[in-house]
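In: Need the 3D shape of this:
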Amino acid sequence: MNITKENIDALNAIVKVDIKEDDYKDKVTKVLNDYRKTANIPGFRKGNVPLGMVKKQYGKAVMIDEVNKLLQESLNKFLTEEKLDILGNPLPKVNEDFSWDAEQLSFEFELGLAPKFEIDLTSKEVKKYHIVATEELIEKELENIQNRYGEQLALEQVEEEATISATFVNEEKEINKKSTFALKDLQEVNRGKLTGAKVGDVIELDTKELFEEDYKYQQTIGVSKEDVEKLEAKVTVTVEEINKTEKAALDQELFDKLFTDGSVKTVTELKDKIKADAEKQFQQQADQQLLNAVTEALVENTKFDLPKEFLQKWLRTAGEKELTEEEAVSEYEKSEKGLRYQLIEGKVMKDNDIKIDYAELTEYAKGFIKTQMAQFGNMNPEESELNDIAGRVLSNQEEAKRLQDQLVSQKLLDFYKENMTFDTKEVTYEEFIKEVYNVDNK
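Out: This is a model prediction of the structure:
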């Protein structure tokens, strides 16, 4: 057997595999002898069927099967030994003159080669955000905490700070939903209509003038975001319960409920905790934005060609369903950017010895599990319990892949932070959302 490679250009090559009868003859004979021992052919005892008869009946099919096995093994070994960095999989070239009866069987495969390129990490175009918690945000969260741990007081009638449980009904629009809402969430005209109402009262409201915020429509009367804009109807509101929250006092009793370790003694210390927790959450969003921005910058600034025609041809047969030429072109255009970043990411990791081993992935999974358990009050799980849960999680291939991707992203982000210069900007959370996502969060 002989395997050779011919480079067409820097991104495309042809591998030729020549196979002679001596390369597969012994394996074919062994398979046929095994067939002979088990074949059931009328007129012959089992195990006594002449080899020639077995060969005549099964020889060609066995030969083709053994050649294909040998071909695949030899090609994979060649690619590994030659350390060829290929994209997609080798594509067999059609040879119209091919014959399985030839003395020498010749096969050709097209290869798409990964491009050679360098990465410049000196770009200063990437913006890095530092999100700070404002005094307004801290005061709002402080109020939320007081309400959350406050006492619910029943009211005889709706007043300014009331929370109302009521059923919204419009039979024609198929609206029938019980919801709880704050009076202050209503538009002003409806606040006036409900103020002074008592349990059992029925008030008719216009949906066009219901809530200040669109999302409140969706939550309260159970309609989709699309329906909110076109909904024009009257709803009857039957008041079922009226409450008011007596805010919890900012005292040591509340502090100890929030922080059982006794680390908070004053309102100032509580505000500091709120600020630190908020900015820790903000940092996660800022980090994700930074990783996205670095990815965009690297893809934009790292120029290299791809074996475009090869990849489009490969995409036609790579999935479960064969694609048309037009579908393959479209699929390539959709996936090209992701492929470019995969190549860039792989090179960054290889050049800078960024690796992940199973022990490291296990520790990462345990940290993730500890965070989840803490949300349910288990602050100090046993190490054996963490190991057991982590083992079960990582035995799920999809979950293991998800955690591995997260860990890779975290390692790359840490690397970029240490090795790139950024244009850092300090913003509030509202400014960050508006600037990055073009959404007004107020």
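
In: C-alpha coordinates for stretch 128-148, CSV please?
Out: Output of stretch 128-148 as CSV, limited to C-alpha atoms (Å, rounded to 0.1, in the frame of the first residue of the first chain):
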residue,chain,number,x,y,z
LYS,A,128,-14.2,47.1,28.9
TYR,A,129,-17.0,48.2,31.2
HIS,A,130,-16.8,48.6,35.0
ILE,A,131,-20.4,48.7,36.3
VAL,A,132,-20.9,50.5,39.6
ALA,A,133,-23.9,50.4,41.9
THR,A,134,-25.5,53.8,42.3
GLU,A,135,-26.9,55.1,45.6
GLU,A,136,-30.3,55.1,44.0
LEU,A,137,-30.0,51.4,43.2
ILE,A,138,-28.7,50.6,46.7
GLU,A,139,-31.6,52.5,48.3
LYS,A,140,-34.1,50.7,46.1
GLU,A,141,-32.7,47.3,47.1
LEU,A,142,-32.8,48.3,50.7
GLU,A,143,-36.5,49.1,50.3
ASN,A,144,-37.0,45.8,48.6
ILE,A,145,-35.4,44.0,51.5
GLN,A,146,-37.6,45.9,54.0
ASN,A,147,-40.7,44.9,52.0
ARG,A,148,-39.6,41.3,51.6
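
In: Check which residues of that stretch are buried.
Out: Residues of stretch 128-148 classed as buried: K128, Y129, I131, V132, A133, L137, I138, E141, L142, I145, Q146 (neighbour count, 16 or more other CB atoms under 10 Å). C-betas here are computed from N, CA, C, even on glycine.

In: do stretch 416-434 as well
Out: Y416, M420, F422, V427, T428, Y429, E430, E431, F432, I433.

In: tell me what the one helix or strand Q410 maps to is packed against?
Out: Assessed by DSSP states H and E, Q410 sits inside helix 397-419. Helices and strands touching helix 397-419, by 3 or more CB pairs under 8 Å, 6 or more residues apart in numbering; DSSP states H and E, are helix 267-301, helix 325-351, helix 358-375, helix 383-394.

In: what about G338, how many neighbours?
Out: 11 (other CB atoms under 10 Å).

In: quick one: which of the helices and strands packed on helix 397-419 is nearest E82?
Out: helix 325-351 (17.7 Å; CB to CB).

In: Mind giving me the packing neighbours of the closest one?
Out: Under the contact definition 3+ CB pairs under 8 Å, 6+ apart, helix 325-351 sits against helix 267-301, helix 308-318, helix 397-419.

In: hmm, try it at 10 Å
Out: With contacts defined as 3 or more CB pairs under 10 Å, 6 or more residues apart in numbering; DSSP states H and E, the packing partners of helix 325-351 are strand 86-92, helix 267-301, helix 308-318, helix 397-419.

In: want to throw these into CSV with mean pLDDT and distance to K216?
Out: Shown next, in CSV, are the helices and strands packed on helix 325-351 (pLDDT from 0 to 100; distance: least, CB to CB, whole Å):
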stretch, mean pLDDT, distance to K216
strand 86-92, 95, 50
helix 267-301, 95, 24
helix 308-318, 94, 46
helix 397-419, 95, 34
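
In: if we can go back for a sec, looking at the helices and strands packed on helix 397-419, which is nearest to E240?
Out: The nearest among the helices and strands packed on helix 397-419, by CB to CB, is helix 358-375 at 32.0 Å.

In: Tell me what angle whichever helix or strand comes after the helix holding Q410 forms with helix 267-301.
Out: Note on helix 397-419: by DSSP H and E, the next helix or strand toward the C-terminus is strand 423-428. For strand 423-428 against helix 267-301, the angle by axes from the mean of the first three to the mean of the last three CA atoms, to 10 degrees is 140 degrees.
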